[in-house]
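Engineer: Return atomic coordinates for the entry below.
(2 chains, ligands or ions: 2)
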Amino acid sequence: MDVLVCIKRVPAVGASIQLSADATAVDTRHLGFTIGPHEECAVEEAVRIADRTGGSAGVLTVGPPEADEQLRYAMSMGADHAVRVEAPVADPDPEVTAAAVVGALPDLRPYDLVLFGEASADAGHAQVGFRVAAALGRPVVGGVKGIEVDEGRVRLERHVPDGVEVHEAPLPAVAAVLEGLNLPRYPTIKGRLRAKKAPVRVLDGPAVTGGLRTLRLRHRPEARAETVVLGRGAAAAPAVADVLAELGMVR
Amino acid sequence: MVLAMIERDGEGVLTAASAEVLAAARDLADSLGGSVGAVAVGDPGDLPDDLVKRGVSTLHLLRHELLADSEAATVGEALAQLVAAERPVAVLAAAGDASTEAMAGAAARLGVPLATACTAIRPGIRPGQPWEVTRERAGGILLEDAELDAPIRFCTLGTGTRTPTETAAAADVTVRAFVPELDATVPRARLIERRARASGMTLATAPVVVSGGRGVGSAEGYAVLEELAGLVGGAVGCSRVATNNGWRPHADQVGLTGTRVSPDLYIACGISGATQHWVGCMNARSILAVNTDPEAPMVSRATWAVIGDVHEVLPAVVEELRRRSGG
Ligand SMILES: Cc1cc2nc3c(=O)[nH]c(=O)nc-3n(C[C@H](O)[C@H](O)[C@H](O)COP(=O)(O)OP(=O)(O)OC[C@H]3O[C@@H](n4cnc5c(N)ncnc54)[C@H](O)[C@@H]3O)c2cc1C
Ligand SMILES: Nc1ncnc2c1ncn2[C@@H]1O[C@H](COP(=O)(O)O)[C@@H](O)[C@H]1O
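Structural biologist: Ligands and ions are numbered 1, 2, ... in the order given. Okay, here's the model as predicted:
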């Protein structure tokens, strides 16, 4: 089985987020980059399925040349080929990203399963996978935390607020997955060395624009009082117990 | 017309999130001078009686045997056809997974953008002008003001952004069935099994969450967190470091890619307070941080803090609580 995973390069922000001078983006001058945890699990799953079925695991990103770093990370986890679609703008809106993915697919091998994260870690539009599926006219299931493939079909475990649903779809199919699907591996040194030399195929992106444009980013107003330090070490236990009693959580 | 896609719970009652969506749709329709239509899948049930109080004039019911399982992608296909026929100025829905997926599918089919997790929607001053929305990014730590330029504006709304209102009762709700054209030969996913979650307290609903991060040190280290959670009637949570190390199952993870919690008290033990963790607990009413580092971001954002080692502080707290309850 051939599986393709769509991944996005996102800034790895720490305990606070700095904005660019014009406030239209996160200031990434002092930041590293990564892919979201949902997508990391998607890559892990693709590699496992490819190993099990003797197939292939590809990764695709829509982004600038710098995003090759994330494709190589996925290859160091075991993905065997990588494609980068040139992005028409810095952070394309979901319509544009979906069009870029759909436009690239005819140039690639036919995939049985195309995996997405449920939402990208930075923008969180939660829609690219569903747009791609609609454009392809293929079945799609989101919220996926379990994948089982067999002859021509896939079973997808979907987590919903009040339980678990199992959906079945004929292949090729699309799924949007959640972290928790598996425990992704750490790349080995050998994997990293192999990924460093592996080629990245580059395709032209579509010349389209979407109707959703970022005007500015803002910090959410936070109203927090000063922290009350109850004490140090074990000696703080009575003060903690007092707080719990005050809140009515213990007698 | 402003169209609101609404959902019902297992008992057929309008969900709280959908009530918020209807209130937002009503506001928008008032400011634009139009009516509110609602769209749901299946039978009317008690909906018309409920909707009449919420200022809805028409209820569109999507009816088709292929919608029996309410597969999100198929609902999206049906919604696209209804929207193409009715041409509302905007389509609103709750930001839950199923409704977002249906909205994404519908927007894709109509070739229009979709703004998800909106907290505010501001129509353009003149017709045809782009609208402006405020949406949550990166799990809600950032807000994004964005321009939404489309003939039909698709938006999903984050919960808790609007208080549901009841307006003066409209005369009546017109109920209309809409039977979409769905091709039975098109490949679709199919629901084959549904398992309900065991009832009882969950991380998302617990009044107290005792959560541990790297500072807990090991899987065994969580025993004292379990003990404290038992004493205060709470659930145990964790950071992604704990999940990645295999100390806790992913179902316990709090944060951007885990569960969002809003307990009365969040006890953060050995958790630094990275933004991706913070967005999962920032809606807690109060926070108690236990950390060796007085400069940790979680400490400076907490209501209360204890500076110290988790494995010195928590056993002492447990002992103190037991002593006070005479046990
Ligand atoms: C896209 C993305 C999504 C993410 N999603 C999530 C998510 O959903 N949830 C999540 O949690 N993280 C998430 N992360 C990871 C996040 O960025 C942090 O890496 C993680 O939250 C850190 O976990 P931590 O606080 O346990 O560990 P650390 O950051 O290492 O902090 C450990 C803390 O424990 C304190 N400490 C150490 N020893 C002790 C001791 N003995 N007693 C008391 N205190 C001690 C230290 O002072 C420190 O403050 C995500 C990251 C990315 C890039
Ligand atoms: N620029 C991109 N390149 C490749 N895949 C992407 C890109 N942006 C988003 N995706 C995929 O679409 C999913 C959902 O993204 P979003 O709709 O932005 O929340 C992500 O988890 C990725 O799998």
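
Engineer: C-alpha only now, for contacts and for neighbours.
Structural biologist: Fine.

Engineer: Walk me through the domains of chain B.
Structural biologist: Listed by automatic domain parsing, the domain ranges of chain B are B:2-178, B:208-324.

Engineer: Just send the ones you listed back as JSON lines, with mean pLDDT and mean neighbour count too.
Structural biologist: Formatted as JSON lines, the domains of chain B follow (pLDDT from 0 to 100; neighbours: other Cα atoms under 10 Å in any protein chain shown):
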{"stretch": "domain B:2-178", "mean pLDDT": "93", "mean neighbour count": "20"}
{"stretch": "domain B:208-324", "mean pLDDT": "97", "mean neighbour count": "21"}
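
Engineer: Adding distance to residue A:74, write those domains out as JSON lines.
Structural biologist: What follows is those, written out as JSON lines (distance: least, Cα to Cα, whole Å):
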{"stretch": "domain B:2-178", "distance to residue A:74": "22"}
{"stretch": "domain B:208-324", "distance to residue A:74": "17"}
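
Engineer: So which of those domains is nearest residue A:58?
Structural biologist: Using Cα to Cα as the measure, domain B:208-324 is the one of those that comes nearest residue A:58, at 23.3 Å.

Engineer: how long is the closest one from one end to the other?
Structural biologist: The straight-line separation of the ends of domain B:208-324 (Cα to Cα, to the nearest Å) is 19 Å.

Engineer: how distant is it from the center of its chain?
Structural biologist: The chain centroid and the centroid of domain B:208-324 are separated by 23 Å under Cα atoms, centre = their mean, to the nearest Å.

Engineer: Spell out whether it and ligand 1 are in contact.
Structural biologist: Yes: applying Cα under 6 Å from any ligand atom, one finds domain B:208-324 in contact with ligand 1 at B:213-215, B:239-241, B:253-258, B:270-274, B:276-277, B:290-293, B:296, B:308-310.

Engineer: Which parts of the stretch 1-150 of chain A are helices?
Structural biologist: Defined through DSSP state H, counting those that start in this stretch, the helices belonging to the stretch 1-150 of chain A, from first to last, are A:37-53, A:68-76, A:94-104, A:128-136.

Engineer: between those, which one is nearest to ligand 1?
Structural biologist: Ranking the helices of the stretch 1-150 of chain A by distance to ligand 1, with Cα to the nearest ligand atom as the measure, places helix A:37-53 first at 5.7 Å.

Engineer: correct me, but residue A:138 touches residue A:175?
Structural biologist: No: between residue A:138 and residue A:175 no contact is recorded; they are 10.3 Å apart, counting by Cα atoms under 8 Å.

Engineer: So if I had to pick from these two, which one is more boxed in?
Structural biologist: residue A:175 (26 against 20; other Cα atoms under 10 Å in any protein chain shown).

Engineer: Now do the contacts for the more buried one.
Structural biologist: Residue A:175 makes contact with A:113-116, A:129, A:140-142, A:144, A:156 under the criterion Cα atoms under 8 Å, 6 or more residues apart in numbering or on different chains.

Engineer: Is it located within a strand, as I assumed?
Structural biologist: Yes: in this structure, residue A:175 lies within a strand as judged by DSSP: H, G, I helix; E, B strand; the rest coil.

Engineer: As CSV, the helices of the stretch 1-150 of chain A with mean pLDDT would be great.
Structural biologist: Listed next are these as CSV, based on pLDDT from 0 to 100:
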stretch, mean pLDDT
helix A:37-53, 98
helix A:68-76, 98
helix A:94-104, 97
helix A:128-136, 98
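
Engineer: so can I have TSV of the ones you listed showing distance to residue B:225?
Structural biologist: TSV is the format used below for those (distance: least, Cα to Cα, whole Å):
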stretch	distance to residue B:225
helix A:37-53	26
helix A:68-76	35
helix A:94-104	41
helix A:128-136	38
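
Engineer: Between those helices, which one is closest to ligand 2.
Structural biologist: Among those, helix A:128-136 comes nearest to ligand 2, with 4.0 Å by Cα to the nearest ligand atom.

Engineer: For chain B, see how far away residue A:20 is.
Structural biologist: 13 Å (Cα to the nearest Cα, to the nearest Å).

Engineer: Please verify my assumption that that residue contacts residue A:216.
Structural biologist: No: with contact taken as Cα under 8 Å, residue A:20 and residue A:216 are classed as non-touching, separated by 9.9 Å.

Engineer: So the two - more neighbours on which side?
Structural biologist: residue A:216 (17 against 14).

Engineer: Is the more buried one in a helix, a strand, or coil?
Structural biologist: For residue A:216, the secondary-structure state derived from three-state DSSP is strand.

Engineer: what pLDDT does it get?
Structural biologist: What the model reports as pLDDT for residue A:216 is 97.

Engineer: roughly how far apart are residue A:133 and residue B:94?
Structural biologist: Between residue A:133 and residue B:94 the computed distance is 21 Å (Cα to Cα).

Engineer: For chain A, which residues score under the pLDDT cut-off?
Structural biologist: When residues are selected by pLDDT under 70, those of chain A lie in A:251.

Engineer: so which residue of the stretch 1-150 of chain A comes closest to ligand 1?
Structural biologist: Counting by Cα to the nearest ligand atom, the stretch 1-150 of chain A gets nearest to ligand 1 through residue A:36 (4.2 Å).

Engineer: For the closest residue to that residue other than its chain neighbours, give me its contacts.
Structural biologist: With Cα to Cα, 6 or more residues apart in numbering or on different chains as the measure, residue A:121 is the residue that lies nearest to residue A:36, at 5.1 Å, once sequence neighbours are left out. When contacts are counted by Cα under 8 Å, 6+ apart, residue A:121 touches A:10, A:35-37, B:138-139, B:256.

Engineer: biggest separation within those residues, which pair?
Structural biologist: Going by Cα to Cα, the pair spanning the contacts of residue A:121 furthest: A:35 and B:139, at 15.2 Å.

Engineer: what about residue B:200, helix or strand, and which?
Structural biologist: Secondary structure assignment for residue B:200, by DSSP states H and E: no helix or strand.

Engineer: Can you report how many residues neighbour it?
Structural biologist: Using other Cα under 10 Å: residue B:200 sits among 7 other residues.

Engineer: The one 5 residues further on now?
Structural biologist: Residues within reach of residue B:205, counting by other Cα under 10 Å, total 15.

Engineer: who in the stretch 1-150 of chain B is up against chain A?
Structural biologist: Counting by Cα under 8 Å from any Cα of the partner chain, the residues of the stretch 1-150 of chain B lying close to chain A are B:72-73, B:97, B:100-101, B:104-105, B:107-109, B:112-117, B:137-150.

Engineer: In helices only, show me those.
Structural biologist: In helices, defined here by DSSP state H, the members of the residues of the stretch 1-150 of chain B next to chain A are B:72-73, B:97, B:100-101, B:104-105, B:107-109.

Engineer: correct me, but residue B:110 touches residue B:82?
Structural biologist: No: between residue B:110 and residue B:82 there is no contact under Cα under 8 Å: 10.9 Å.

Engineer: Which residues of the stretch 51-200 of chain A lie near ligand 1?
Structural biologist: Within the stretch 51-200 of chain A, the residues that sit near ligand 1 (Cα under 6 Å from any ligand atom) are residue A:121.

Engineer: Extract the C-alpha set from stretch B:239-250 and format it as PDB.
Structural biologist: The C-alpha atoms that make up stretch B:239-250 are tabulated as PDB, following Å, rounded to 0.1, in the frame of the first residue of the first chain:
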ATOM      1  CA  SER B 239       2.000  17.100  29.600                       C
ATOM      2  CA  ARG B 240       3.200  15.900  26.300                       C
ATOM      3  CA  VAL B 241       6.600  15.000  27.700                       C
ATOM      4  CA  ALA B 242       4.900  12.500  29.900                       C
ATOM      5  CA  THR B 243       3.000  11.000  27.000                       C
ATOM      6  CA  ASN B 244       6.100  10.900  24.700                       C
ATOM      7  CA  ASN B 245       8.000   9.100  27.400                       C
ATOM      8  CA  GLY B 246       5.300   6.500  27.700                       C
ATOM      9  CA  TRP B 247       4.600   7.500  31.400                       C
ATOM     10  CA  ARG B 248       0.900   8.200  30.700                       C
ATOM     11  CA  PRO B 249      -1.600   7.300  27.900                       C
ATOM     12  CA  HIS B 250      -2.300  10.100  25.400                       C
END
